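# when you get a sec, could you give me coordinates for this:
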Amino acid sequence: LIAFGIAPAFCLLHAYRSLTPEWYAEYSPLLLVGLSLYVLCAAMRLARYNAVDSDSLADWFMGLPSTLAGGLNVVVLIIAYKYGFFNEDNVLLPALAIFQMITALLMVSPLFLPKLVMRKNKVLNMVQIAAIITGYICGFAMMFTEYIFALVALYAFGGFGYGLVVRQSVIEAKAAS
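So this is what the prediction gives:
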């Protein structure tokens, strides 16, 4: 909860407060509500995973995992800072807070996201392994944050899309077990 729930929210709060103090002074109540929503949803996501998801859905997450949401938010924050997003004149300043609220709602959503597990398709397994290794190397080296964002976004949005396609069969398999 601290690493992937509270820390991303405080990183965003600190970025707004220190890099756009005038904007922060005007919109801090709304920002605090949004960031509180993120922390609350992260706590609810972890509770649901411990109570439901870990046992009943072996190959699926229900909702966006908090680790993925936290990592995605921090990578987006790093990219925003890198490209000078935090400018008092930027009309898109609320976008990062809105993005964090969207990931908060995805954490508690009933959407299915496939877990990264070994599959029957060897090519897919090799792609998964290569993406994971490259993502970790780039993450620890703090380089190619755009690549990390692309990997995580592709997995999340592609995975949710696939989960929507096979949703009924996942529900039927869960009910049969």
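# confirm that residue 84 sits in a strand.
No. Per DSSP: H, G, I helix; E, B strand; the rest coil, residue 84 lies outside any strand segment and is coil.
# residues near it, how many?
If you count neighbours by other CB atoms under 10 Å, residue 84 ends up with 9. Bear in mind the C-beta positions are built from the backbone N, C-alpha and C, glycine included.
# which secondary element of this structure has the worst mean pLDDT?
Lowest on mean pLDDT, DSSP states H and E among the helices and strands of the chain sits helix 54-56, with a mean of 65.
# for the residue in the chain sticking out farthest from the centre, what are its contacts?
What lies farthest from the middle of the chain is residue 176; by CA atoms, centre = their mean that is 30.3 Å. In this structure, residue 176 makes contact with no residue, judged by CB atoms under 8 Å, 6 or more residues apart in numbering.
# quick check, central residue of this protein?
Short answer for the chain (CA atoms, centre = their mean): residue 69, at 1.9 Å.
# list the buried ones in the helix or strand hosting that residue?
Element membership for residue 69 (DSSP states H and E) is helix 66-82. Residues of helix 66-82 classed as buried by neighbour count (16 or more other CB atoms under 10 Å): 66, 68-78, 80.
# what's downstream of it, the next helix or strand?
helix 94-107.
# circling back to that earlier point, tell me how far the residue farthest from the centre of the chain lies from residue 22.
Remark: distance between residue 176 and residue 22 (CB to CB, to the nearest Å) = 58 Å.
# how about the helices in the chain?
7-19, 21-48, 54-56, 66-82, 94-107, 122-141, 145-165, 167-176 (DSSP state H).
# export the ones you listed to CSV and tack on distance to residue 116?
Shown next, in CSV, are those (distance: least, CB to CB, whole Å):
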stretch, distance to residue 116
helix 7-19, 21
helix 21-48, 18
helix 54-56, 15
helix 66-82, 10
helix 94-107, 17
helix 122-141, 6
helix 145-165, 8
helix 167-176, 16
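# which of those helices has the lowest mean pLDDT?
Looking at the helices of the chain, the lowest mean pLDDT belongs to helix 54-56 (a mean of 65).
# could you tell me how many residues sit around residue 3?
The burial count for residue 3: 12, using other CB under 10 Å.
# not counting sequence-adjacent ones, nearest residue to it?
Nearest non-adjacent residue to residue 3, counting by CB to CB, 6 or more residues apart in numbering: residue 70, 6.7 Å away.
# can you give me the end-to-end distance of stretch 60-70?
19 Å (CA to CA, to the nearest Å).
# from here on, call the first residue 48.
Yep, numbering from 48; the last one is stretch 107-117 now.
# distance from the chain centre to that stretch, please.
6 Å (CA atoms, centre = their mean, to the nearest Å).
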